[in-house]
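K.L.:
Need coordinates for the following:
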Amino acid sequence: MNNEEKTPEQQLEDMTNVAKRAMADLANFKRQAAEERTQLMAMGKITVLTELLPVVDNLSRAFAHVPEDLKDNDWVKGVQNVKTQFEGLLSASGLEEIPTTGPINPNLHEVVTTAPGETDQIVETLEKGYTFNGKVMRAAKVVAGQ
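P.N.:
As a prediction, this is how the structure comes out:
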């Protein structure tokens, strides 16, 4: 039956069904576009955070080796405050440090070498590891007890 043979009620029903399908397609497209946008934003954050991790590592190394006579220096304390603020911003964006105490978790820790100590326990941290929104960005490099 073509359009000329259909009653106005049937034609209206056909057009209503076409409109409903078009509205559903549009809603699906909008949802998919929003999901893709969210994924792209997360990927962009991961890229930037990955590039910033060596900076965080180097700041930590620098402050681990501040000479004893400079630890109370106002300038050193000021730079330490900037480092703390920077780490807070990274944390607020979803970056979290992987804990490196207790037992080895192969999903979070990369055992680089072993040393005397309690078996399968972390003896030393060689490089901090991080997660982003619950996903491992970089496993923590650790020394395991044997």
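K.L.:
dump the residue contacts of the residue most central in space within the chain.
P.N.:
For the chain, the residue nearest the mean C-alpha position is residue 132 (1.9 Å; C-alpha atoms, centre = their mean). The contact partners of residue 132, by C-beta atoms under 8 Å, 6 or more residues apart in numbering, come to 45-46, 49, 94-96. To be clear about C-beta, it is placed using only N, CA and C from the backbone, and glycine gets the same treatment.
K.L.:
Just to be sure, which of those residues are found in helices?
P.N.:
Secondary structure assignment (DSSP state H) places 45-46, 49 from these within helices.
K.L.:
Could I get those residues in TSV, plus columns for distance to residue 116?
P.N.:
Output for the ones in helices among the contacts of residue 132, formatted as TSV (distance: C-beta to C-beta, whole Å):
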residue	distance to residue 116
45	40
46	37
49	35
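K.L.:
which strand in this protein runs the most residues?
P.N.:
strand 109-119 (DSSP state E).
K.L.:
Identify the residues contacting that one?
P.N.:
Here strand 109-119 makes contact (C-beta under 8 Å, 6+ apart) with 98, 100, 104, 122-124, 126, 129, 139-146.
K.L.:
Type out the PyMOL command that picks the buried ones from those residues.
P.N.:
For the buried members of these, the matching PyMOL selection, counting by 16 or more other C-beta atoms under 10 Å, is:
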select buried, resi 98+100+104+122+123+129+139+140+141+142+143+144+145
